[in-house]
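Q: mind folding the following:
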Amino acid sequence: MAPRAGTAPSSATARLVLLTLAAGQFLMALDSSVMNVSIATVADDVGTTVTGIQGAITAYTLVMAMFMIPGGKVGALIGRKRAFVIGCGIYGCGSLTTALAPNLPVLLLGWSFLEGVGAALILPAIVALVAGNFATERRPAAYGLVAAAGAVAIALGPLIGGVATTYFSWRWVFAGEVLVVLGILVLARRIADAASDERPRIDLVGAVLSALGLGIFVYGVLRSDEWGWFRPKPDAPSWLGVSLVVWSVLAGLLLVWLFLRWEARLVQRRREPLIHPSMLENKQLTGGLTMFFFQYLVQMGVFFVVPLYLSVALGLSALTTGARLLPLSITLLAAAVLIPRFFPDVSPRRVVRLGVLALLTGAVALMAALDADAGAEIVTIPLLLIGLGMGSLASQLGSVTVSAVPEQQSAEVGGVQNAVTNLGASIGTALAGSIMIAALTSSFLTSVEQNPAVPAGVKSQTTVELRSGAPFLSDAQLKTALQEAGTSTEVARATLDANAEARLDGLRAALAILALAALLALFFTHRIPTSQPRSTEPAAETPGP
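A: Numbering: from 1, shown residues only. A predicted model of the protein is given here:
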């Protein structure tokens, strides 16, 4: 029998519950990064293009973004534990479908839709179940470990995907996810569900408005690399001379505003809203959500930039690239687990500020270390700092957001929290990518223009062909393209040199914008409380790492 909510579970049960929830978080995050190194292989195997697989990844992100807030409410409607179990079942069916997918439509059904819907039920439920299974003073450690499990999955994803694709098949990754889901379902019986006498009704109008608003917003951001942020790229769709990204973001924000107005109207009529608008007036909650947004913006930007440097600029394999990311995982786990254990009464605001400063310092150190003669070892110290910052934030923010509202609203907080992190992750990846390509293109064209070895005709043709952005190419890829084009040795050498320098300029620019985001986050840390939440409930035993 699972322990009843509010009672103190045994140490073994506490660890088992924490392991189960952390495994769920690990699984959700793993899917976002594990296949990035295997896109071309997957495309060949299911008879589609790289663009088709990238579209599947985009659709997975969209489904999660659209259903995250309604998914949190479903937990309040049917029970957090039941939502978690059902979500795992749907996710497992999606993983099995993906593992067996013979073509792109089946892959879209399994990976993008079923796994996306499962994740939208699982992630908010995890937030609520931590609140329901651990006493208030024990939650920072629990939330820290759960959040660390997700971040470690993102760091290990390329390594796991690289091993599976190199030695086995990408399908084994999804088959392995099915086994993990089965293990989670077996262990989930130990999880206590927070009983509630209320049986809220789900707000269908609010669910549609929030899903459309968040979905359209995220879709616009994800297409920014192809369409352009403001000025439309050549052959990209536009309206009134402005990129559709702008209109998508504006339409998404308008729908979110309408959603909030609708929720306020329901409250005035004493009807059950999807989320209570008063939650967004809570200084502590909005402070925690803001920091979550910036954390995931910087985090996903780093996980976009660093692998590109290692795999493309330095030409490292997927396995070696993944191994080089391990220092980040070490300090992340250490900070997330050890800070709550050894400093249980530390000020959350102080830890969050130090964490943001560590992110800022790591990004600046990496930006300064990038050089044409630098090797893979230069990422070690910056990644240790960035991991320390992520772990510090992970050790505090989950507890900060949940403790800001009554416990019965924890599932709603989970839905909003994961929607915010989804937005931050999408914007971080898109912003880092677009800034990098813009800086790379500008630097490359400037180098070509100033090089007397490049004929005027080639300069003119290069400028025209790269109006929509220069591709991020390795030396080997560019050398092959130049040979196929029949370029002279002198021009090829000049082009390779220009590309090498432009790559570094693009990476530096992307890291600079991430450092700026971390700096901006410091201005919002005053909303984080200075004291740890406390409870008069019987304390659950400290969950072990």
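Q: would you map the strands across the protein?
A: 238-239, 242-243 (DSSP state E).
Q: low-confidence ranges in the stretch 301-450 of the chain?
A: 448-450 (pLDDT under 70).
Q: please identify the most buried of the strands of the chain.
A: strand 242-243 (a mean of 18; mean count of other CB atoms under 10 Å). From N, CA and C alone the C-beta is placed, and that goes for glycine too.
Q: what mean pLDDT does that one get?
A: Across strand 242-243, the average pLDDT comes to 85.
Q: contacts for that strand next, please.
A: Strand 242-243 is contacted by residues 224, 227-233, 236 when judged by CB atoms under 8 Å, 6 or more residues apart in numbering.
Q: filter those to the buried ones?
A: 224, 227-229, 232-233 (16 or more other CB atoms under 10 Å).
Q: now distance to Met279 and pLDDT too, for the residues you listed, in a markdown table please.
A: A markdown table is the format used below for the buried ones among the contacts of strand 242-243 (distance: CB to CB, whole Å; pLDDT from 0 to 100):
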| residue | distance to Met279 | pLDDT |
| --- | --- | --- |
| Ser224 | 30 | 80 |
| Trp227 | 34 | 81 |
| Gly228 | 35 | 78 |
| Trp229 | 31 | 81 |
| Pro232 | 38 | 81 |
| Lys233 | 39 | 77 |
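Q: tell me which two of those sit farthest apart.
A: Ser224 and Pro232 (11.0 Å; CB to CB).
Q: ok so, going back, so which of the contacts of strand 242-243 are in helices?
A: 224, 227 (DSSP state H).
Q: just put the contacts of strand 242-243 in TSV and tack on distance to Gly89.
A: Converted to TSV, those look like this (distance: CB to CB, whole Å):
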residue	distance to Gly89
Ser224	35
Trp227	37
Gly228	41
Trp229	39
Phe230	43
Arg231	46
Pro232	43
Lys233	42
Ala236	40
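Q: ok, of the contacts of strand 242-243, which one's closest to Val306?
A: Nearest member of the contacts of strand 242-243 to Val306, counting by CB to CB, is Ser224, at 20.7 Å.
Q: does the closest one really touch Ser248, like I thought?
A: No. Look at Ser224 against Ser248 with CB atoms under 8 Å: they stay out of range, at 9.2 Å.
Q: residue contacts, the closest residue to Leu354 other than its chain neighbours?
A: Spatially, and ignoring its direct neighbours in sequence, Leu354 is nearest to Ser392 (6.0 Å; CB to CB, 6 or more residues apart in numbering). Taking CB under 8 Å, 6+ apart, we find Ser392 in contact with 335-336, 339, 351-352, 354-355, 358.
Q: tell me the spacing between Ser392 and Ile528.
A: Using CB to CB, to the nearest Å, Ser392 is found at 12 Å from Ile528.
Q: go on, Leu114?
A: Per CB to CB, Leu114 is found 37 Å from Ile528.
Q: go on, Ala500?
A: 42 Å.
Q: compare those two (neighbour count), which wins?
A: Legend: neighbour count by other CB atoms under 10 Å for Ala500 and Ile528, higher for Ile528 (23 against 16).
Q: wouldn't Ala394 be in contact with Ala335 here?
A: Yes. Contact criterion CB under 8 Å: Ala394 and Ala335 qualify, at 7.5 Å.
Q: shared neighbours, those two?
A: Counting by CB under 8 Å, 6+ apart, the residues touching both Ala394 and Ala335 are Gly144.
Q: the two: which is more packed in?
A: Between Ala394 and Ala335, counted using other CB under 10 Å, the more crowded position is Ala394 (30 against 25).
Q: middle-most residue in the chain, spatially?
A: Centroid-nearest residue in the chain: Ala425, 4.0 Å away (criterion: CA atoms, centre = their mean).
Q: dump the residue contacts of it.
A: Contacts of Ala425 by CB under 8 Å, 6+ apart are 32, 61, 296-297, 299-300.
Q: and Ala264, how many neighbours?
A: Ala264: 14 neighbours (other CB under 10 Å).
Q: what residue ranges in the stretch 1-150 of the chain score low on pLDDT?
A: Applying pLDDT under 70 to the stretch 1-150 of the chain flags the ranges 1-10, 32, 35-40, 50-51, 54.
Q: all helices of it, in order?
A: 11-33, 39-45, 50-78, 80-99, 104-107, 115-133, 139-167 (DSSP state H, counting those that start in this stretch).
Q: next: the stretch 251-400 of the chain.
A: Taking DSSP H, counting those that start in this stretch as the criterion, the stretch 251-400 of the chain carries its helices at 283-308, 318-324, 326-342, 348-369, 380-402.
Q: now do the buried residues in stretch 519-531.
A: Buried, per 16+ other CB under 10 Å, within stretch 519-531: 519, 521, 524-525, 527-529.
Q: mind listing residues that contact that stretch?
A: 283-284, 286-288, 290-291, 294-295, 298, 345, 347-350, 352-353, 356-357, 359-360, 396, 400.
Q: switch the cut-off to 6 Å
A: 283-284, 287, 290, 294, 347-349, 352-353, 356, 360 (CB atoms under 6 Å, 6 or more residues apart in numbering).
Q: closest one to Gln409 out of these, please.
A: Gln284 (13.1 Å).
Q: from Ala500, how far out is that closest one?
A: Taking CB to CB, one finds Gln284 at 48 Å from Ala500.
Q: what's the answer for Ser169, then?
A: 34 Å.
Q: ok, now Ala334?
A: For Ala334 relative to Ala500 (CB to CB), the value is 36 Å.
Q: what's the answer for Ala120, then?
A: 43 Å.
Q: so which of the helices of the stretch 1-150 of the chain is nearest Val178?
A: Among the helices of the stretch 1-150 of the chain, the nearest to Val178 by CB to CB is helix 80-99 (4.9 Å).
Q: so which elements touch that closest one?
A: helix 115-133, helix 171-187 (3 or more CB pairs under 6 Å, 6 or more residues apart in numbering; DSSP states H and E).
Q: hmm, Val42 is touching Ile53, no?
A: Yes. At 5.2 Å, Val42 counts as touching Ile53 under the criterion of CB atoms under 6 Å.
Q: which one of the contacts of Ala425 is nearest Ala128?
A: Among the contacts of Ala425, and counting by CB to CB, the member closest to Ala128 is Tyr296, at 19.7 Å.
Q: list the contacts for the closest one?
A: Per CB under 6 Å, 6+ apart, neighbours of Tyr296: 421, 424-425.
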